[in-house]
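*Asks:* Take a look and give me a structure for this.
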Amino acid sequence: MKRIPAGVAASHPATAGAGMRILREGGTAADAAVAAVLACCVAETIYTGLGGGGFATYFDAGSGEVTCLDFFVSVPGTDGDREAGPMLAVDVFFGGMPQVYSIGGASVAVPGVPAGCGEVHRRWGRLPWADVVAPAAELAHSGVRVPAAHAQTLDACAPALAWGEGAAVYMPGGRRLQAGDLLRHDGLGAALERLAGAGPEIFYTGEYAALMVDTVRAAGGSLGPRDLADYRVLETPVDHAMLAGHRVRARHDLNRTVDTIAGLPEDLAQPGRAVGVATALRDQGRQKIGDTTNVSVVDAEGNACVVTTTLGLGSGVWLPGLGINLNSMLGEGELITADLTPGRRMSSNMCPLVVIDPDGELAVAAGSAGASRIRTALISTLLGVLVDGLDMAGAIGRPRFHVVDDTVHAEPGCRRDELAALAAAGFRIRHWPGFNHYFGGVTAVGQAGAAGDPRRDGVGLLL
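*Replies:* Below is the predicted model of the structure:
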């Protein structure tokens, strides 16, 4: 039986540092995760923000209970007094593949990040709310440096991120931010200080709610006061599947991660498992980008909190004077389903998870960015740790392959014997020239250590 050391894994050093600060101050995994998520909303705005949505998975070490919270975005329009206008189509080239997204006011869904952070803290937090918000507010006032992998994402996503008011943020003076440049959002520090004092309700029934409605409607969206006032964090059922004698527990996501794990071949030895894994991973061709990030935290008591959040690509609609970009989830084609009526929660590929070992102890707390590649990245990591005996950094950092229909997208360094077996089984192999954030962005803390994904310049820190 092995107890996981307390730690934080995230996709930016500043994000991980915010979580570690709260752990050192005596906070729980939930306190540290909320602090890190709010820090994401400052340091990782290329991926996420207060105007986005997400999911949290919490493991209680004392009871063994796992809880999944849904604070993803909801469809606006419950006020019934405003029709959304047209969206703006933007072309994004990702690994040479063109992707079409839609942004603008009509793409904005009801955000859930403030409410979600508040609910995670209310249920499992120990420190005062203001203390948990403080690290992010300080980062917002000072600004943060852009990691190289984040700058690469910005290069791909600039048509959306640097549109409208985003141009001044991501292309100051007409020059796109590069690795090492300072990322600043004017007004965000003051907004976070107000959040610390007034609580998350400020975005739903307070002064920022009215500002959000006016801003989105002026940009052609349908968001209304009732949409915000009626928004609630939901508790969702927890699925499970067995992998190498361990129980994987997570929500049922759009891409069916837990079901895919249950469908993996019985023989998981390399290289023979490759075809079975690829067959289980085969999806319907969803391969959108999506701006997403993840935070994984374990505290000294063994509790774990994993939170994944996203903005989509960002709508390009910014709350004036607050440095907050709103989500573009209604412009994400792969998330548009036939049942999207006003007030309904949208679906998502995000899947923060925990893994319980045969002794009932926490083995892994992990999540990933990467839209439809989230499932691929998580399964690759879990196979590395639970089956192949790698440490966390090795499991996250090794080459991955992702399956779209009958095409296997392979990073350099994938095993040749596996690729040969896949080709012999009828899969077409597409070789990528280098590691790429297309293949996801895992952050995980577990018995095998703590690590962030090198594809996002992630870090893992242990207390």
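*Asks:* Give me the neighbour count for residue 46.
*Replies:* Residue 46 has 31 neighbours, counted by other Cβ atoms under 10 Å. The C-beta positions use only the backbone N, C-alpha and C, and glycine is treated the same way.
*Asks:* wait, what's in contact with it?
*Replies:* 150, 153-154, 157, 161, 170, 291 (Cβ atoms under 8 Å, 6 or more residues apart in numbering).
*Asks:* Swap in 7 Å and give it another go.
*Replies:* Shown in contact with residue 46 (Cβ atoms under 7 Å, 6 or more residues apart in numbering): 150, 153-154, 157, 161, 291.
*Asks:* how close does it get to residue 455?
*Replies:* 14 Å (Cβ to Cβ, to the nearest Å).
*Asks:* before we move on, what about residue 111?
*Replies:* 26 Å.
*Asks:* So which of these two has more stuff around it?
*Replies:* The neighbour comparison of residue 111 against residue 455 (other Cβ under 10 Å) goes to residue 111, with 29 against 26.
*Asks:* Surely the more buried one and residue 48 touch.
*Replies:* No - look at residue 111 against residue 48 with Cβ atoms under 7 Å: they stay out of range, at 10.8 Å.
*Asks:* just the helices in this structure please.
*Replies:* With helices called from DSSP state H, the chain shows them at 13-24, 29-43, 113-124, 129-142, 148-161, 166-170, 188-198, 207-218, 225-229, 257-262, 274-281, 374-382, 392-397, 416-424.
*Asks:* thinking again about what came up before, in TSV: the contacts of residue 46, plus pLDDT.
*Replies:* Below are these laid out as TSV (pLDDT from 0 to 100):
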residue	pLDDT
150	96
153	91
154	93
157	90
161	94
291	68
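*Asks:* Now tabulate those in JSON lines and tack on neighbour count and distance to residue 132.
*Replies:* Listed next are those as JSON lines, based on neighbours: other Cβ atoms under 10 Å; distance: Cβ to Cβ, whole Å:
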{"residue": "150", "neighbour count": "25", "distance to residue 132": "24"}
{"residue": "153", "neighbour count": "25", "distance to residue 132": "27"}
{"residue": "154", "neighbour count": "23", "distance to residue 132": "28"}
{"residue": "157", "neighbour count": "24", "distance to residue 132": "29"}
{"residue": "161", "neighbour count": "29", "distance to residue 132": "27"}
{"residue": "291", "neighbour count": "27", "distance to residue 132": "24"}
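*Asks:* OK, contacts around residue 252?
*Replies:* Applying Cβ under 7 Å, 6+ apart, one finds that residue 252 lies in contact with 237, 239, 258.
*Asks:* mind giving me TSV with the contacts of residue 46 and columns for distance to residue 3?
*Replies:* TSV is the format used below for those (distance: Cβ to Cβ, whole Å):
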residue	distance to residue 3
150	33
153	35
154	39
157	40
161	41
291	35
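*Asks:* sorry, back to before: check the contacts of residue 252 against residue 76 and report the nearest one.
*Replies:* Nearest to residue 76 among these is residue 237, at 25.5 Å by Cβ to Cβ.
*Asks:* So for that closest one, what's the nearest residue that isn't a sequence neighbour?
*Replies:* Distance criterion Cβ to Cβ, 6 or more residues apart in numbering; nearest residue to residue 237, sequence neighbours excluded, is residue 252 at 6.7 Å.
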